[in-house]
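Asker: after the sequence you'll find the predicted model.
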Amino acid sequence: MKHFISIADLSRAEAISVLDTAEHMAETQSRSIRKLPTLVGTTVVNLFMEDSTRTRISFEAAAKRLSADVINFSAKGSSLSKGESLKDTALTLQAMGADAVVVRSSSSGAAHLLAHAGWIDQPIVNAGDGAHEHPTQAMLDAFTLRRHLVGEDRLGADLAGRRIVIVGDVLHSRVARSNVLLLTLLGAEVTLVAPPALVPVGADIWPCEVLYDLDDALAAQPDAVMMLRVQRERMIGGGFFPTPGEYSRRFALTTDRAARLPEHTIVLHPGPMNRGFEIAGDVADGRRSVITEQVANGVSVRMAVLYHLLASTSEET
Ligand code: CP
């Protein structure tokens, strides 16, 4: 693996290998081995041109726990806000000794451009690009699902036969796209649930089922329900749905709906959440919720991704 841009670039074996590496990383963390010497002498740059809490902090924690140096670079306060181009920003980062660049952008394709424009040679990690993909979020979701739905024998295992429902604003969701690709690559059966206006054009050829009624989807007794953040700033007044109240009534994971799920069913959300809108607060905090586990698992998964990109390269050379 040279870059980590899209789940579409991964084979099933590569995806499982990253998940297994993340298990080893998690084990070191649980044994309080807070720092591994793996990436001593390397520098990871976090280039965040769009706001983030979880992804930016967990990439920083992941790189530091592998003993890399970390440079955090955000668009606000940088020369990007004065109109400097992505190319010149990338050349500057390379000149400062970056060994890998983790990039978040509101523009779909930004990570791909950095990786393939020929400006710089360093590995690029996509930390979310527009409505396109968020591959490390999907990896940490798959990691969390495998821990809960496969259990002890999970090393080397996929998610064959597990049924995952993904609910909400699929249209604007890079998380949904990456998860559909990854979870189906791993053999899961994925159902998307959304109002018709929040389903992207072309989703009918995605490798999953699309439903428009949440209660029908939950009646099929899924193993996991992944709620998506409703990007209300794009929905309200944008003609996507009549009112927020109507959306919430039909598509929120309420206490009542969660109570009807099978005992073993878990609830995920990538964050940030609109509590009380797409998910009830007591469901987000309840016994089925693995939302804070997802955040913790994000560090192990991002350690694994950096390991695959940087440690294996330095071992080969
Ligand atoms: N899940 C996620 O990408 O969260 P942040 O925007 O806080 O990074």
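Answerer: Here it is on my side, so go on. Numbering: from 1, shown residues only.
Asker: distance of residue 120 from residue 310?
Answerer: Distance of residue 120 to residue 310, computed by CB to CB, to the nearest Å: 15 Å. Backbone N, C-alpha and C define where each C-beta goes, glycine included.
Asker: how about residue 254?
Answerer: Computed with CB to CB, the distance linking residue 254 and residue 310 is 44 Å.
Asker: and those two? which has more neighbours close in?
Answerer: It is residue 310, of residue 254 and residue 310, that has more neighbours when counted by other CB atoms under 10 Å, with 21 against 17.
Asker: next, the more buried one: secondary structure please.
Answerer: Following DSSP: H, G, I helix; E, B strand; the rest coil, we place residue 310 in the helix state.
Asker: what pLDDT is listed against it?
Answerer: At residue 310 the predicted local distance difference test score is 97.
Asker: from the ligand, how far out is it?
Answerer: 21 Å (CB to the nearest ligand atom, to the nearest Å).
Asker: you'd agree that residue is up against residue 123?
Answerer: Yes. Judged on CB atoms under 8 Å, residue 310 makes contact with residue 123 at a distance of 6.7 Å.
Asker: what residues are shared contacts of these two?
Answerer: By CB atoms under 8 Å, 6 or more residues apart in numbering, residue 310 and residue 123 have these common neighbours: 99, 100.
Asker: scan this structure for its longest helix.
Answerer: Taking DSSP state H as the assignment, the helix of the chain that covers the most residues is helix 12-30.
Asker: which parts of it are buried?
Answerer: 15, 16, 17, 18, 19, 20, 21, 22, 23, 25, 26, 29 (16 or more other CB atoms under 10 Å).
Asker: tell me if the helix or strand following it is near the ligand.
Answerer: Note on helix 12-30: by DSSP states H and E, the next helix or strand toward the C-terminus is strand 43-48. No. Where contact is defined by CB under 6 Å from any ligand atom, no part of strand 43-48 touches the ligand; the two come within 8.7 Å at best.
Asker: strands paired with strand 43-48, and their directions?
Answerer: Sheet partners assigned to strand 43-48 using DSSP bridges are listed as strand 69-74 (parallel), strand 100-105 (parallel).
Asker: among those, which is the most enclosed?
Answerer: Mean neighbour counts were compared across the strands paired with strand 43-48 using mean count of other CB atoms under 10 Å; the top stretch is strand 100-105, at a mean of 26.
Asker: neighbouring contacts of that one?
Answerer: Around strand 100-105, the neighbours that count as contacts under CB under 8 Å, 6+ apart are 42-50, 52, 55-56, 59, 90, 93, 110-111, 114, 120, 122-130, 306, 309-310.
Asker: quick revisit: could you dump the strands paired with strand 43-48 to TSV with distance to residue 178 and mean pLDDT?
Answerer: Below are those laid out as TSV (distance: least, CB to CB, whole Å; pLDDT from 0 to 100):
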stretch	distance to residue 178	mean pLDDT
strand 69-74	23	92
strand 100-105	14	97
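Asker: got these as CSV, with distance to the ligand columns?
Answerer: As requested, the strands paired with strand 43-48 are arranged in CSV below (distance: least, CB to the nearest ligand atom, whole Å):
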stretch, distance to the ligand
strand 69-74, 12
strand 100-105, 7
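Asker: tell me which of those lies nearest to residue 152.
Answerer: Each of the strands paired with strand 43-48 has some distance to residue 152 by CB to CB; the shortest is strand 100-105, at 32.3 Å.
Asker: would you tell me what the next helix or strand after that closest one is?
Answerer: Toward the C-terminal end, the helix or strand that comes next after strand 100-105 (DSSP H and E) is helix 110-116.
Asker: and that following helix, what does it pack against?
Answerer: Other helices and strands packing on helix 110-116, by 3 or more CB pairs under 8 Å, 6 or more residues apart in numbering; DSSP states H and E, are helix 86-95, strand 100-105, strand 124-129.
Asker: one more pass at 10 Å, please.
Answerer: Helix 110-116 is packed against strand 43-48, helix 86-95, strand 100-105, strand 124-129, with contacts defined by 3 or more CB pairs under 10 Å, 6 or more residues apart in numbering; DSSP states H and E.
Asker: let me see the mean pLDDT of the very next helix or strand once past the first one.
Answerer: Think strand 43-48. Downstream of strand 43-48, the first helix or strand assigned by DSSP H and E is helix 54-65. Along helix 54-65, the predicted local confidence has a mean pLDDT of 97.
Asker: do stretch 297-306 as well
Answerer: Stretch 297-306 shows a mean pLDDT of 98 in the predicted model.
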